[in-house]
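Visitor: okay, here's the prediction I keep looking at, along with the sequence it came from:
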Amino acid sequence: MKYAISSCLMGVNCKYSGGNNGNEKLISFMKDKNYILVCPEVLGGLPTPRACSEIVNDKVINTLQEDVTAQFEKGAQLALDQILENQVDLVITQSRSPSCGKGIVYDGTFSKKLTKGNGKFVQLLLQHNIPVMDIEEFLTKIS
């Protein structure tokens, strides 16, 4: 089995705040596994750190009121290209993210409220029938 994992989950400092979402259970599980790391936001040309972004009416808007949809979509496509090229079997993503959230994302009000939906990267994966789980789903599965 080959995995693609949101880079932040493996401790890479690519999160919008400049930090990461390193998950020790995931890192430990992946020690002897075959995987690649992807960060669609960085692939799309966004810096680290960067302004926080959320999905608003299918566009990705940051706290500076800039439309960064093009960068999110470009990064999602480049990450998808890497996944297809590496013949990945399962993608593991960061929950609630405007790129990597699956099923639930922040609602676009920058108030930490959640709504149903997928991040731009997850939307693209699902359109291509590529299996994807967010970190919470994956940890439940391996527990």
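Guide: Perfect, thanks for sending it.
Visitor: how many neighbouring residues does the nearest residue to Ile142 once chain neighbours are set aside have?
Guide: Using CB to CB, 6 or more residues apart in numbering and skipping the chain neighbours, the partner closest in space to Ile142 is Phe29 (5.9 Å). To be clear about C-beta, it is placed using only N, CA and C from the backbone, and glycine gets the same treatment. Counted with other CB atoms under 10 Å, residues neighbouring Phe29 total 16.
Visitor: Phe29 falls within a strand, correct?
Guide: No: read with DSSP: H, G, I helix; E, B strand; the rest coil, Phe29 is helix and lies in no strand.
Visitor: do you know the pLDDT at it?
Guide: With respect to pLDDT, Phe29 scores 98.
Visitor: my guess is Cys14 contacts Thr48. True?
Guide: Yes: between Cys14 and Thr48 there is a contact at 5.2 Å, judged by CB atoms under 8 Å.
Visitor: list the buried ones in the longest helix belonging to the chain?
Guide: The single longest helix within the chain, with elements called by DSSP state H, is helix 69-85. Under the neighbour-count criterion of 16 or more other CB atoms under 10 Å, helix 69-85 has Thr69, Gln71, Phe72, Glu73, Lys74, Gly75, Ala76, Leu78, Ala79, Leu80, Ile83 buried.
Visitor: for the next helix or strand after it, name the packing helices and strands.
Guide: The helix or strand immediately downstream of helix 69-85 is strand 90-93, counting by DSSP states H and E. Here strand 90-93 touches strand 2-6, helix 120-127, strand 132-134, helix 135-142, going by 3 or more CB pairs under 8 Å, 6 or more residues apart in numbering; DSSP states H and E.
Visitor: so what strands line up beside strand 90-93?
Guide: Strand 90-93 sits in its sheet next to strand 2-6 (parallel), strand 132-134 (parallel), going by DSSP bridges.
Visitor: with that, I have no additional questions.
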